[in-house]
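Enquirer: Just a sequence and a predicted model for now, questions to come.
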Amino acid sequence: MMRTLLRFSHARDSRLKPRLGLCRESSPPVPLSLRERGNYLPCPLSGTERGSGGEDRQVPSREFTRAHWVRSLPIVLLSALACAHPTGSGTPTPAAGPYDVVIEGGRVVDGTGNPWFYGDVAITGDRIARITPPGLLRQASARRRIDAHGLVVAPGIIDIQAQSGSELLRGDSRVISMVTQGVTTMIMGEGETPAPANAQVMAMYRVDSAEERLFRTFVAPHGFASWLDAMARRGPSVNFGSFLGAATVRAYAKGQAEGPATPAELDTMRAVVRRAMEDGAFGVGSALIYPPGSYASTSELVEEAKAMAPYGGVYITHMRSEGDRLLEAVDEALTIGREGGVPVEIYHLKAAGVKNWPKARLVVAKIDSARAAGQDVAADQYAYTAGANGLSSCIPPDAHADGKLLERLGDAPTRAAISADMLRPDAAWENLCLSATPAGVEVVGFKVDSLKRYEGERLGQIAQAMGKPWPDVIMDLTLAEKDRLGQLLFIASDSNVAMQVRQPWMKFGTDAPGLDPDSMKGRMTHPRAYGNYPRILGRFVREQHLLTLEDAIRKMTWAVAERLSIRDRGMLHERMYADVLIFDPATIIDRATYEQPNQLSVGVRELFVNGVEVVREGVHTGAKPGMKVVGPGARGSGASLPE
């Protein structure tokens, strides 16, 4: 018996060791594999004790002392006895029930990185009710049974860089191309969010009369919460949450003007951040190559970080450069996190442009060094060498100032100066069209009938057809399409993508919206919208053996949940929300290509969101059971918030 208790000290996961002050503030307890559950006792919930009247009382971790361990010792001993003495003569205890769903005999990959095991998973309502060795739920009553032999049962995927804000707010909230990849939760907020709104934020979004009524519902001190609630009311197929866009913070206080923020504007920015954190934001998300977010100084972003720090916020960033000034951009992100007192997450890590490809290993070394020195910094990436953004991002940021880009492009002298700046290799801004070269830029999103013939063509080809230099082509197309065009940029290397996915602090995100292929006929997009996660599981895991199945699943699920302090999703564990993915490891693969992107992936058999089946036999069921997910500083979350 004492040997059983002493095995705490030999647990592989240091979170299980009963060293004072190391119990994590999370619920449910640290997840274990079935074998580990029999060998080790979970650490009690740090920060919680039972009051004299039987009520739960929150206790700061630093107060969780030896006395609390002593008081809980009888419960620990009883738990150990239960583990040491199974009922009967080794006969398994019959499974209780009834359950709504029982998933039988699958290879369970729980999301933590633990080795897979065969098991049964039961769902009741919106929660995981039981996880047992295979066969123990065979006799349990269940409304539906799924034979998962030969399949993998995993947590639903959490996309840390989703771009489905428009779809969830006023579009197709089924997000078919995402759920057929296995995504159950989307986290948005790169660079900008439509809330909180005011006249200056609506100007940044170029809100028309049809949209103004909706945006005005986000004009309030807690407009960020109103935005989340508006998406929830539409009934999405996935769960969702968001960072607060740093460009929105700046536009709210300063509009689209260049220049440093005044003291009064900084006060407004801090207040906007604090209120959004109380509304459920996970932190502040910047995108520092796009105006007006690119106008923010390092010190301005540090002040925003300080404002979110008491709420458990994370600074997540599309850095100021991924190319010629990549290393300097990493240094800036580290500075913001260090001086602001918050963790740092780098969006879609890459080295852009052939001459910058050798920098990728230097960036990895820089992140490893910062982590070794005690700074919490990590990153995410997608599974492709091409990025995507707006075509006008290749026009200098100062041309966008005050929202007057189209006006400036119509002025001949100003236009000539802009064109010259676009060709400068030493320009002080990130010009990804130079990094990719015109041959590596694919233009997409045409709406003007006379220009649709250029859909999916390379910028160099369009320039040749028009008989103009490529900077003039970008400006002409931006004017004609009113700055609504997108582009795919072929800028990264396969070897760097492969090297990065192996890093222990890496996560995976799509940086894409959820689309319906039936509504995308004749239109081009980035294949990551359809295939990011199946590509990782099919090509990187099964075919290329770049990482194990367990590690790949961890980087899609629990690693994201843990980074964002989402304690009830991201792993398969009893009492967690029933976001469950079932896929065929032998067939899962992406089918979308750059040439034919609007093709759904294959291999995802079933997908449950909050216990409701959203994908059945690979087909969307039409169900929309998603709910909003909020950050640790949200009012009503149980966290101790600043006054």
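Expert: Sure thing, it's come through.

Enquirer: and stretch 349-360, how far from the chain's centre?
Expert: 23 Å (Cα atoms, centre = their mean, to the nearest Å).

Enquirer: Give me the buried positions along it.
Expert: 349-353, 356-357, 359-360 (16 or more other Cβ atoms under 10 Å). For every residue, glycine as well, the C-beta is placed using N, CA and C.

Enquirer: So for stretch 149-168, mean pLDDT?
Expert: The average pLDDT within stretch 149-168 is 98.

Enquirer: List the buried residues of it.
Expert: 151-165, 167-168.

Enquirer: and what of stretch 526-534?
Expert: Neighbour-count burial for stretch 526-534, counted by 16+ other Cβ under 10 Å, picks out 526-534.

Enquirer: Need the contact partners of stretch 356-374.
Expert: Among residues not part of stretch 356-374, those counted as contacts by Cβ atoms under 8 Å, 6 or more residues apart in numbering are 322-324, 326-327, 330-331, 334, 346, 349-351, 377-379, 435, 492-493, 495-496, 499-500, 503, 505.

Enquirer: residues in contact with Gly337?
Expert: Gly337 touches 305, 315, 343-344, 375-377, counting by Cβ under 8 Å, 6+ apart.

Enquirer: Could you measure from it over to Ala271?
Expert: 22 Å (Cβ to Cβ, to the nearest Å).

Enquirer: With Glu332 instead?
Expert: Separation of Glu332 from Ala271 (Cβ to Cβ) stands at 24 Å.

Enquirer: Using a markdown table, lay out the buried residues of stretch 526-534 together with distance to Met556 and pLDDT.
Expert: Below are the buried residues of stretch 526-534 laid out as a markdown table (distance: Cβ to Cβ, whole Å; pLDDT from 0 to 100):
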| residue | distance to Met556 | pLDDT |
| --- | --- | --- |
| His526 | 18 | 98 |
| Pro527 | 18 | 98 |
| Arg528 | 14 | 98 |
| Ala529 | 16 | 98 |
| Tyr530 | 16 | 98 |
| Gly531 | 14 | 98 |
| Asn532 | 9 | 98 |
| Tyr533 | 6 | 98 |
| Pro534 | 11 | 98 |
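
Enquirer: Take those and write them to CSV, including distance to Ile176 and secondary structure.
Expert: As requested, the buried residues of stretch 526-534 are exported to CSV (distance: Cβ to Cβ, whole Å; DSSP: H, G, I helix; E, B strand; the rest coil):
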residue, distance to Ile176, secondary structure
His526, 16, coil
Pro527, 15, coil
Arg528, 15, helix
Ala529, 10, helix
Tyr530, 9, helix
Gly531, 13, helix
Asn532, 14, helix
Tyr533, 14, helix
Pro534, 14, helix
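
Enquirer: wait, which of those residues is closest to Leu214?
Expert: Nearest to Leu214, judged by Cβ to Cβ, of these is Ala529 at 24.1 Å.

Enquirer: Next, please give the residue ranges for the helices of the stretch 251-400 of the chain.
Expert: Ranges of helices in the stretch 251-400 of the chain, per DSSP state H, counting those that start in this stretch, are 263-279, 298-308, 326-340, 359-372.

Enquirer: Looking at those, which is nearest to Gly626?
Expert: helix 263-279 (18.1 Å).

Enquirer: Mind listing what's buried along that closest one?
Expert: Those would be 265-266, 268-279, for helix 263-279 by 16+ other Cβ under 10 Å.

Enquirer: Repeat that for stretch 412-421.
Expert: Result for stretch 412-421 [16+ other Cβ under 10 Å]: buried residues 415, 418-419, 421.

Enquirer: Turn the helices of the stretch 251-400 of the chain into JSON lines, including mean pLDDT.
Expert: As requested, these are exported to JSON lines (pLDDT from 0 to 100):
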{"stretch": "helix 263-279", "mean pLDDT": "98"}
{"stretch": "helix 298-308", "mean pLDDT": "98"}
{"stretch": "helix 326-340", "mean pLDDT": "98"}
{"stretch": "helix 359-372", "mean pLDDT": "98"}
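
Enquirer: how about the ones you listed in JSON lines, adding distance to Ala623?
Expert: Shown next, in JSON lines, are the helices of the stretch 251-400 of the chain (distance: least, Cβ to Cβ, whole Å):
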{"stretch": "helix 263-279", "distance to Ala623": "27"}
{"stretch": "helix 298-308", "distance to Ala623": "34"}
{"stretch": "helix 326-340", "distance to Ala623": "39"}
{"stretch": "helix 359-372", "distance to Ala623": "40"}
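
Enquirer: Any idea how far apart the tips of stretch 104-123 sit?
Expert: 12 Å (Cα to Cα, to the nearest Å).

Enquirer: And the spatially closest residue to Thr193 that is not a sequence neighbour, how close does it get to Glu322?
Expert: For Thr193, ignoring the flanking residues on the chain, the nearest one in space by Cβ to Cβ, 6 or more residues apart in numbering is Gly245 at 4.0 Å. According to Cβ to Cβ, Gly245 and Glu322 sit 19 Å apart.

Enquirer: Please list all residues in contact with Arg275.
Expert: By Cβ under 8 Å, 6+ apart, the neighbours of Arg275 are 196, 221-222, 224.

Enquirer: Which of the helices of the stretch 251-400 of the chain sits closest to Ala383?
Expert: helix 359-372 (15.2 Å).

Enquirer: which secondary structure elements does the helix or strand Pro413 falls within contact?
Expert: Counting by DSSP states H and E, the element that carries Pro413 is helix 412-422. Using 3 or more Cβ pairs under 8 Å, 6 or more residues apart in numbering; DSSP states H and E, the elements in contact with helix 412-422 are helix 405-409, helix 470-480.

Enquirer: what angle sits between that helix and helix 470-480?
Expert: Helix 412-422 and helix 470-480 are oriented at 130 degrees to each other (axes from the mean of the first three to the mean of the last three Cα atoms, to 10 degrees).

Enquirer: what residues does the helix or strand just after helix 412-422 touch?
Expert: Following helix 412-422 in sequence order, the next helix or strand is helix 432-436 (DSSP H and E). By Cβ under 8 Å, 6+ apart, the residues outside helix 432-436 that reach it are 289, 322-324, 352-353, 356, 387, 389, 393-394, 422-423, 425, 441, 459, 470, 474, 487, 489-491.

Enquirer: Let's test this: name the helix or strand in the protein with the lowest mean pLDDT.
Expert: helix 2-6 (a mean of 33; mean pLDDT, DSSP states H and E).

Enquirer: How about Gly285, nearest residue that isn't a chain neighbour?
Expert: Phe243 (3.5 Å).

Enquirer: if I look at the one you found, how far off is Ala287?
Expert: Counting by Cβ to Cβ, the gap from Phe243 to Ala287 is 11 Å.

Enquirer: Give me the common contacts of those two.
Expert: Residues touching both Phe243 and Ala287 (Cβ under 8 Å, 6+ apart) are Glu190.

Enquirer: thinking again about what came up before, between the helices and strands packed on helix 412-422, which one is nearest to Leu564?
Expert: Nearest to Leu564, of the helices and strands packed on helix 412-422 and by Cβ to Cβ, is helix 405-409 at 34.0 Å.

Enquirer: CA atoms of the closest one as CSV?
Expert: The C-alpha coordinates for helix 405-409 follow below in CSV (Å, rounded to 0.1, in the frame of the first residue of the first chain):
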residue,chain,number,x,y,z
LEU,A,405,-5.6,54.0,-50.0
LEU,A,406,-7.9,54.1,-53.0
GLU,A,407,-7.8,57.9,-53.1
ARG,A,408,-4.0,57.8,-53.1
LEU,A,409,-3.9,55.2,-55.9
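
Enquirer: Show me which residues of that helix are buried.
Expert: Within helix 405-409, judged by 16+ other Cβ under 10 Å, the buried ones are 405, 408-409.

Enquirer: Pick the one among those closest to Val580.
Expert: Leu405 (45.8 Å).

Enquirer: Show only the entries of the contacts of Gly337 found in strands.
Expert: Among the contacts of Gly337, the members falling in strands (DSSP state E) are 315, 344, 377.

Enquirer: who wins for most neighbours among those residues?
Expert: Most neighbours among the ones in strands among the contacts of Gly337, by other Cβ atoms under 10 Å: Tyr315, with 27 neighbours.
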